[in-house]
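Undergrad: Sequence below, structure please.
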Amino acid sequence: MARYTGPKTKISRKFGQSLFGDDKSFEKRNYPPGQHGNNRRRGKKSDYAIQLMEKQKAKYTYGILEKQFRNLFDKASRSNGITGEVLLQLCESRLDNVVYRMGLSRSRSGARQLVSHKHITVNSEIVNIPSYRLKPGDVVSVREKSKSLQVIIDSLDSKSTVYEWITFDANSKKGTFVTVPERIQIPELINEQFIVELYSK
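TA: Numbers count the residues shown, from 1 in each chain. Okay, here's the model as predicted:
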C-alpha cells in the first residue's frame, strides 16, 4: 500500500502546523525548514503556489496520495453541494480518519495501520481498507481479540477531543459514525476553495 513515508516534522514545518498528530519536534522548531530558518527572506507567493500548498496540506493531513485525492475531487465535483466542502467530507468519512477521530490512535498513520492489520470492524465485519467510506449509522469497533492492544489503550487514555458527528464508548471500544460532518465541524485548517481553484484550471 503506497503512502508517504518521508520526514514528517519537516513537512509540518513547511506548512506551519502539525499535520501528523502530536509532534514534539515541531513544537520546538515551528518555523520553515532550511539553512537560514526564521531569518530567510521569503518572497510573496503566487496564487498558484498558495493553491498548491493547500492541496498538499490536505493530502498530507489525511494521508492521501495524488491519484486518490484527484479521484475524491472528481467525485466531489459531481456531487450536489459545494465542491470544496464535499471534498473534505469525503476525506472525513474515510475509515482510517474516523478511527483516528474516535481516539483509537494518536495519528492517522497509526489508525491506517490498525485498519490494514485487521484490528477494526465495521458493522461487525472486519474491514482492512483504510480508504473505506463510511455511511451514517455505520458502527465501528475494535475487534474483540485486539481490545487489549496497548497502543489503543494508551491512545484512549490521552484522548481529549469529542466530535459531534461521532459517538464512542471507550469501555466497549465501539462507536457510530452518526452523520457526515458539516464544514464548521471539521477542525482542519484547510482552505478548500483554493484546492477547487487549482483543479479547475
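Undergrad: what residue is smack in the middle of this protein?
TA: Among the residues of the chain, the smallest C-alpha distance to the mean C-alpha position (C-alpha atoms, centre = their mean) belongs to Y62, namely 3.1 Å.
Undergrad: give me phi/psi at it?
TA: Listed backbone geometry of Y62 is phi -90, psi 0, with angles given as degrees, to the nearest 10.
Undergrad: That one and R108 touch, don't they?
TA: Yes: the pair Y62 and R108 qualifies as a contact (C-beta atoms under 8 Å) at a distance of 6.7 Å. For glycine as for every other residue, the C-beta is placed from the backbone atoms N, C-alpha and C.
Undergrad: Overlap of the contact sets of those two?
TA: Taking C-beta atoms under 8 Å, 6 or more residues apart in numbering as the criterion, Y62 and R108 both touch N97.
Undergrad: How are the strands of this protein distributed by residue range?
TA: If you assign secondary structure with DSSP state E, the strands in the chain sit at 120-122, 125-126, 138-142, 166-169, 174-177.
Undergrad: and the ones you listed as a markdown table, adding mean neighbour count and distance to L72?
TA: Shown next, in a markdown table, are the strands of the chain (neighbours: other C-beta atoms under 10 Å; distance: least, C-beta to C-beta, whole Å):
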| stretch | mean neighbour count | distance to L72 |
| --- | --- | --- |
| strand 120-122 | 21 | 19 |
| strand 125-126 | 8 | 24 |
| strand 138-142 | 20 | 19 |
| strand 166-169 | 16 | 20 |
| strand 174-177 | 21 | 17 |
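Undergrad: which stretch among those strands comes nearest G81?
TA: Nearest to G81 among those is strand 174-177; the distance by C-beta to C-beta comes to 18.3 Å.
Undergrad: re earlier: ok, the residue nearest to the centre of the chain - contacts?
TA: Here Y62 is in contact with 91, 94, 97, 108 (C-beta under 8 Å, 6+ apart).
Undergrad: Over to I50?
TA: With contact taken as C-beta under 8 Å, 6+ apart, I50 is in contact with F194.
Undergrad: switch to numbering from 16
TA: Yep, numbering from 16; the last one is I65 now.
Undergrad: Relative to E212, how far out is it?
TA: Distance, I65 to E212, using C-beta to C-beta, to the nearest Å: 9 Å.
Undergrad: Check E159 too.
TA: In terms of C-beta to C-beta, E159 sits 47 Å off from E212.
Undergrad: So between those two, which is more surrounded?
TA: E212 (17 against 9; other C-beta atoms under 10 Å).
Undergrad: correct me, but the more buried one touches E69?
TA: No: counting by C-beta under 8 Å, E212 stays clear of E69, with 9.1 Å between them.
Undergrad: and the closest residue to S161 other than its chain neighbours, what does it touch?
TA: Spatial nearest neighbour of S161, excluding adjacent residues (C-beta to C-beta, 6 or more residues apart in numbering): H134 at 4.0 Å. Contact criterion C-beta under 8 Å, 6+ apart gives 157-158, 161, 164, 167 as the residues in contact with H134.
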